[in-house]
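[1] let's see this in three dimensions:
(chains A and B)
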Amino acid sequence: MAKVKEIKDTEYLYASARIKSMEKNLLTREKLERMSEARTPEDALKLLGESGWPEVPSPTMAAVEEVLSSRRSEAFALIRSLAPDKRLPDVFLIKYDYHNLKALLKGEATGDDAGDLQIESGRFPIRQLRLMLQEDSFSAMSKQMAESIAEARDVLARTQDPQLLDLILDKAMYADMLEMAESLNSKFLTGYVIQMIDSVNLRVAVRLRRMGKGAEVLRYALVPGGSVAISRLLGDVTPDVVEAVFGTSPLAAAAQTGAQALRGEASLSDVDMACDDALLKYLKKAKYVAFGAEPLIGYLAAVEAELTSVRTVITGRLAGLAAEMITERLRDSYV
Amino acid sequence: MNWITSLFSGTSLAMLGAALSCLLAGTGSARGCGIAGEAAAGVLTEDPNKFGQTLLLQALPGTQGIYGLIIAFLILLKIGIIGGPAANLDPSVGMRFLFAGLTMGFVGLTSGIAQGRASAACMGIIAKRPEELGKAMMYPALVETYAVFALLISFLMWMGIAV
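    Below is the predicted model of the structure:
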């Protein structure tokens, strides 16, 4: 993609001020905790309504998902209308395309449509994606995406291993995101994607090591493009190596948790949590930028995190989990 | 060579000083108010009740233009363009007026834009904590100091020029 000319921060004046006004409508952790502690799931949803959310017609997950999905579309449409470069939200939408691709490709292999696994939020509508796969017309896609489809189909035909397909598409997804962020000329966004790649690598290294997998699988699963060279993780991944490799990156704290996980002192979900916290810490820097692309990017990430939190709380409530168990799983919030 | 002599005549140089004072400082204020205004519109879209607070912040970068106008006016008064009769100035005297106008003009331009950016940033405070308007105004107001300094020096220069 061609580099666009740098956008001045003064072109974001209206957008940043408007987004900052909207940030105070995001759900705080306190509110989410109150939802977890509400007497019934209906009460929890009522609390949501008090915060300016649309009413959820019935306390079912399907109804909640519908509201979540409309909230997401609204936020993305808003940012798209505000940003001087309309591609800004695309970095966040790429993952839905790949998610849908995975479902479609797996469906291709098993003959199952897997329609309920797809998320209609990506850059390509699912119908178009399906059509492109059927007709092998990849001209609208990025190079990475088209290549990963060919590779995934090939590997899937040979090995029947859907996990490999996930790995291939994930790699292409991060390459796509990185390229998109770089073409948007935003250091903040590029830094965000790079840290995302680093945290994926940290998680993968720890997880595969715990499973006893060797360098062979690791080489396949690690994602290039992060700030940490993946060659440093291809040897024996000991706790000390993890701490040393990520020690100087913003993921230092997460790396410590990773090392603990390798020693059996922490769980894998602790590592995920630590990585998410580090990523949030990075995003929170956007709150101190008066105007520019940063507040818009931070807001998008915050909306996505908010949707995840609401989903966590409501699923927990519907499953009858205790309030402490739900709040334990909540991530910190952006505001 | 007649046009060169008329270009560098005392009156022309003094008028250039007046023009630059008004033009540069006015540009600074226009840009500053524009920057702050865009941010104000963003806040107001979400919360129309904040009109008063945002207007105050937007007005702050407007003063440079007024200072520029004052200096330009004073210069025009002294050289008799306003209220005549027009004095026949020596080029060296005209040059002094030019310097007096330039001081206000240049500082007005840069401080106006800088103040506009500070005001726009402080719109973020109004967006989240409207009760902190007093503090939010302090930051852009500090930029004003330097415009006032320039006004003072331009004025002292103007006082000292004998026609």
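
[2] use CA for all of it now, contacts and neighbours both
    Will do.

[3] name the element residue A:194 belongs to?
    Per DSSP states H and E: residue A:194 is located in helix A:187-210.

[4] so what's residue A:87 up against?
    Contact analysis of residue A:87 by C-alpha atoms under 8 Å, 6 or more residues apart in numbering or on different chains lists A:80, A:184.

[5] if I look at it, how far off is residue A:189?
    12 Å (C-alpha to C-alpha, to the nearest Å).

[6] look up how far residue A:16 lies from whatever residue of chain B ends up closest to chain A.
    Distances between chain B and chain A by C-alpha to the nearest C-alpha are smallest at residue B:42, namely 4.0 Å. Distance from residue B:42 to residue A:16, counting by C-alpha to C-alpha: 7 Å.

[7] looking at the two, which is more packed in?
    Each of residue B:42 and residue A:16 has its neighbours counted (other C-alpha atoms under 10 Å in any protein chain shown); residue A:16 has more, 32 against 24.

[8] pLDDT weak spots in chain B?
    Chain B contains residues with pLDDT under 70 at B:1.

[9] can you give me the helices for it?
    B:2-7, B:10-46, B:51-59, B:63-78, B:91-128, B:133-160 (DSSP state H).

[10] re earlier: tell me how many other residues surround the nearest residue to the residue of chain B closest to chain A once chain neighbours are set aside.
    Spatial nearest neighbour of residue B:42, excluding adjacent residues (C-alpha to C-alpha, 6 or more residues apart in numbering or on different chains): residue A:18 at 4.0 Å. With neighbours defined by other C-alpha under 10 Å, the count for residue A:18 comes to 27.

[11] again with residue A:250
    17.

[12] residues in contact with it?
    A:195, A:278.

[13] mean pLDDT per helix and strand in chain A: which one sits at the bottom?
    Taking mean pLDDT, DSSP states H and E as the measure, helix A:215-221 is the helix or strand of chain A with the lowest mean score, a mean of 82.

[14] can you give the contact residues for stretch A:284-292?
    With contact meaning C-alpha under 8 Å, 6+ apart, stretch A:284-292 is reached by A:8-13, A:16-17, A:294-295, A:297-298, A:334, B:120-122, B:124.

[15] how about stretch A:162-176?
    With contact meaning C-alpha under 8 Å, 6+ apart, stretch A:162-176 is reached by A:94-95, A:98, A:102, A:106, A:142, A:144-145, A:148-149, A:151-153, A:155-156, A:193, A:197, A:220-225.

[16] inside helices: which ones of these?
    A:94-95, A:98, A:102, A:106, A:144-145, A:148-149, A:151-153, A:155-156, A:193, A:197, A:220-221.

[17] got a ChimeraX select line for the buried ones in the residues you listed?
    Selection of buried members from these for ChimeraX, criterion 16 or more other C-alpha atoms under 10 Å in any protein chain shown:
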select /A:94,95,98,102,106,144,145,148,149,152,153,155,156,193,197,221
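
[18] what helix or strand does the residue nearest to residue B:42 sit in?
    helix A:13-23.

[19] show me what that helix is packed up against.
    Using 3 or more C-alpha pairs under 8 Å, 6 or more residues apart in numbering or on different chains; DSSP states H and E, the elements in contact with helix A:13-23 are helix A:293-318, helix B:10-46, helix B:91-128.

[20] in CSV: those, plus distance to residue A:243.
    Converted to CSV, the helices and strands packed on helix A:13-23 look like this (distance: least, C-alpha to C-alpha, whole Å):
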stretch, distance to residue A:243
helix A:293-318, 27
helix B:10-46, 44
helix B:91-128, 39
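
[21] closest to residue A:279 out of the ones you listed?
    Among the helices and strands packed on helix A:13-23, the nearest to residue A:279 by C-alpha to C-alpha is helix A:293-318 (10.0 Å).

[22] run through the neighbouring helices and strands of whatever helix or strand comes next after that closest one.
    Moving toward the C-terminus from helix A:293-318, the next helix or strand (DSSP H and E) is helix A:323-329. Applying 3+ C-alpha pairs under 8 Å, 6+ apart, one finds that helix A:323-329 makes contact with helix A:29-37, helix A:293-318.

[23] let's see it at 10 Å
    Other helices and strands packing on helix A:323-329, by 3 or more C-alpha pairs under 10 Å, 6 or more residues apart in numbering or on different chains; DSSP states H and E, are helix A:29-37, helix A:268-284, helix A:293-318.

[24] deepest of those helices, which one?
    Across the helices and strands packed on helix A:323-329, the average number of neighbours (mean count of other C-alpha atoms under 10 Å in any protein chain shown) peaks for helix A:293-318, which reaches a mean of 22.

[25] which ones, among the contacts of stretch A:162-176, also lie beside chain B?
    Here nothing survives when the contacts of stretch A:162-176 are matched to chain B using C-alpha under 10 Å from any C-alpha of the partner chain.

[26] report the distance from stretch B:3-12 to the chain centre.
    26 Å (C-alpha atoms, centre = their mean, to the nearest Å).

[27] now that stretch: buried residues?
    Quick answer for stretch B:3-12 (16+ other C-alpha under 10 Å): B:8, B:9, B:10, B:11, B:12.

[28] and which of those is nearest residue A:83?
    Nearest to residue A:83 among the buried residues of stretch B:3-12: residue B:12, at 47.1 Å, using C-alpha to C-alpha.

[29] that closest one: what's it in contact with?
    Counting by C-alpha atoms under 10 Å, 6 or more residues apart in numbering or on different chains, residue B:12 touches B:5, B:6, B:18, B:89, B:91, B:94, B:95, B:98.

[30] which residue is nearest the middle of chain B?
    residue B:64 (2.5 Å; C-alpha atoms, centre = their mean).

[31] what does stretch B:149-163 rub up against?
    B:21, B:64, B:67-68, B:70-71, B:74-75, B:78-80, B:87-90, B:93-94, B:96-108, B:145-146, B:148.

[32] now, of those, which are buried?
    By 16+ other C-alpha under 10 Å, these give B:21, B:64, B:67-68, B:70-71, B:74-75, B:78-80, B:89, B:93-94, B:96-108, B:146, B:148 as buried.

[33] chain A contacts on chain B?
    Counting by C-alpha under 10 Å from any C-alpha, the residues of chain B near chain A are B:34-47, B:117-118, B:120-129.

[34] filter those residues down to the buried ones.
    Looks like these have B:34-44, B:46, B:117-118, B:120-128 buried, using 16+ other C-alpha under 10 Å.

[35] check contacts around the residue of the stretch 51-200 of chain A found nearest chain B.
    Nearest residue of the stretch 51-200 of chain A to chain B (C-alpha to the nearest C-alpha) works out as residue A:82 at 10.1 Å. By C-alpha under 10 Å, 6+ apart, the residues touching residue A:82 are A:11, A:12, A:14, A:15, A:16, A:18, A:19, A:76, A:88, A:296.
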